[in-house]
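Visitor: test case, fold it:
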Amino acid sequence: MQSAFDSLAADSLAVADSLALADSLRADSAVVDTSGGIGGLSQDVGVAAEALGSGRFEDAASILAASLKAFAFDNLLPAAITALAFWIALRILLGVLRRALGRSKRIDAGVQQLILRFSRFVIVALAVVAVLDKIGIAVAPFIAGLGIAGIALGFAAQDTVQNLIAGITILLDRPFHVGDNIELHDTFGTVEEITLRTTRIRTLDNQMAILPNANVISDRIINHSMLRALRVLVPFGIAYKESPEAARQVVLALTEGDQRLHPDYAPAVVVTELADSSVNMELRLHLKDSKLEVSLRLEYQEKVFEALKAAGIEIPFPHLQLFVDEAKAFQGSRLLGPGPEADAGG
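Guide: Now for the predicted structure:
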């Protein structure tokens with residue numbers, strides 16, 4: 001045991017002697033900055049290089065070994081512990097935030113993602129600053145340089161910055177949520193994701209429309225899912241000789257017992273237009289679930305056609321009737337029937 005203490009004491013004295021020698025060589029080389037950290041290590045490397053150039057190989061080796069050992073224990077080890085502490089804090093913080101945000105029904109999923117990403121960015125930025133400080137790197141000039149670079153980047157990427165600001169506005173204003181059916185820029189579909197730069201909409205053709213947020217907030221947005229009941233219109237037409245009331249009874253019978261319809265709004269059939277070839281009517285339905293909008297409208301369009309056909313109510317289509325008056329050039333042709341010669345022969 002005594003020999004082990006003697007060996008440790010000898011190592012300590014050797015390190016002290018090497019550091020003292022390094023300080024002496026720094027003084028000889030007119031190096032005045034002895035701040036330690038990565039700066040002190042670089043200075044010691046320079047001093048060791050000078051000693052090596054002077055032929056003092058043992059001195060150079062001892063200076064370099066002592067400096068590396070001091071840097072490892074005084075800087076690298078605290079930096080590693082600091083990084084580990086921030087990593088643990090980040091995992092705990094994100095876990096707590098996810099649970100808290102998951103229980104909240106007032107915070108949209110997009111806003112939750114924004115909060116999580118911002119929290120992760122802040123923790124990582126603080127961790128980088130703390131680790132760099134432990135290593136001995138001056139952080140203040142670096143931050144100042146980032147500020148200048150950020151200003152230059154902001155001017156160079158105005159569209160991107162505009163989209164980011166628009167994304168934050170969408171997440172805070174919440175004109176729509178993930179899962180809503182919206183109509184935007186002549187695009188109808190379901191909102192799949194809201195990021196800081198773009199809004200992604202899955203169309204009826206199962207295509208993904210990716211729209212810049214700056215364009216999203218500057219155009220009219222029709223949200224089909226915001227209110228508690230969505231009205232669906234099913235247009236159809238009947239011939240002028242048919243009774244609108246008879247058609248109304250036939251069509252309304254199709255809606256009886258449909259649990260997908262909102263109980264607070266009764267289905268209705270109204271006349272919307274007296275067109276050239278038909279009496280245009282409309283079946284108006286209110287849905288409990290707006291996600292059924294497209295499928296239910298298509299379903300009732302077919303049901304209305306089959307029901308009117310089964311009831312003998314004519315569904316007209318545009319047609320043209322031609323009347324020819326005093327068309328002597330066509331006399332005797334097949335267009336106007338048998339001519340006078342045919343009548344005389346008969």
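
Visitor: all strands in this protein, in order from the N-terminus.
Guide: 181-184, 187-194, 198-203, 208-212, 221-223, 230-238, 268-274, 279-287 (DSSP state E).

Visitor: what are the phi and psi angles of residue 243?
Guide: Dihedral angles of residue 243 (phi, psi; degrees, to the nearest 10) stand at phi -90, psi 120.

Visitor: pLDDT at it, what is it?
Guide: pLDDT, residue 243: 94.

Visitor: please report how far it lies from residue 314.
Guide: 11 Å (Cβ to Cβ, to the nearest Å). Where you see a C-beta, it was placed from the backbone N, CA and C, and this is true even at glycine.

Visitor: same deal with residue 120?
Guide: Taken as Cβ to Cβ, the span from residue 120 to residue 314 is 66 Å.

Visitor: any idea how many residues pack against residue 201?
Guide: The burial count assigned to residue 201 is 25, neighbours taken as other Cβ atoms under 10 Å.

Visitor: tell me where the chain has helices.
Guide: Along the chain, counting by DSSP state H, helices occupy 2-28, 37-53, 57-71, 77-103, 109-135, 140-156, 158-173, 213-218, 244-252, 293-310, 340-345.

Visitor: worst average pLDDT in those?
Guide: helix 2-28 (a mean of 47).

Visitor: mind saving the C-alpha coords of stretch 68-88 as CSV?
Guide: C-alpha atoms of stretch 68-88 as CSV (Å, rounded to 0.1, in the frame of the first residue of the first chain):
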residue,chain,number,x,y,z
LEU,A,68,-3.2,16.4,-22.2
LYS,A,69,-3.8,14.8,-18.8
ALA,A,70,-4.8,18.2,-17.3
PHE,A,71,-7.1,19.0,-20.2
ALA,A,72,-8.8,15.6,-19.9
PHE,A,73,-9.5,15.9,-16.2
ASP,A,74,-10.1,19.7,-16.0
ASN,A,75,-12.1,20.2,-19.3
LEU,A,76,-13.1,17.0,-21.2
LEU,A,77,-14.5,15.2,-18.2
PRO,A,78,-16.6,18.1,-16.9
ALA,A,79,-17.8,18.7,-20.5
ALA,A,80,-18.9,15.1,-20.9
ILE,A,81,-20.7,15.2,-17.5
THR,A,82,-22.4,18.5,-18.6
ALA,A,83,-23.5,17.0,-21.9
LEU,A,84,-24.8,13.9,-20.1
ALA,A,85,-26.7,16.0,-17.6
PHE,A,86,-28.3,18.1,-20.4
TRP,A,87,-29.3,14.9,-22.3
ILE,A,88,-31.0,13.5,-19.3
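
Visitor: mind listing what's buried in that stretch?
Guide: Residues 70-71, 74-76, 79, 82, 86 are the ones in stretch 68-88 that count as buried (16 or more other Cβ atoms under 10 Å).

Visitor: swap in stretch 234-254?
Guide: 234, 236-238, 242, 247-248, 250-251, 254.

Visitor: also stretch 293-312?
Guide: 293, 296-297, 300, 304, 307-308.

Visitor: now distance to residue 216 too, for these, in a markdown table please.
Guide: Output for the buried residues of stretch 293-312, formatted as a markdown table (distance: Cβ to Cβ, whole Å):
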| residue | distance to residue 216 |
| --- | --- |
| 293 | 21 |
| 296 | 27 |
| 297 | 25 |
| 300 | 31 |
| 304 | 36 |
| 307 | 41 |
| 308 | 41 |
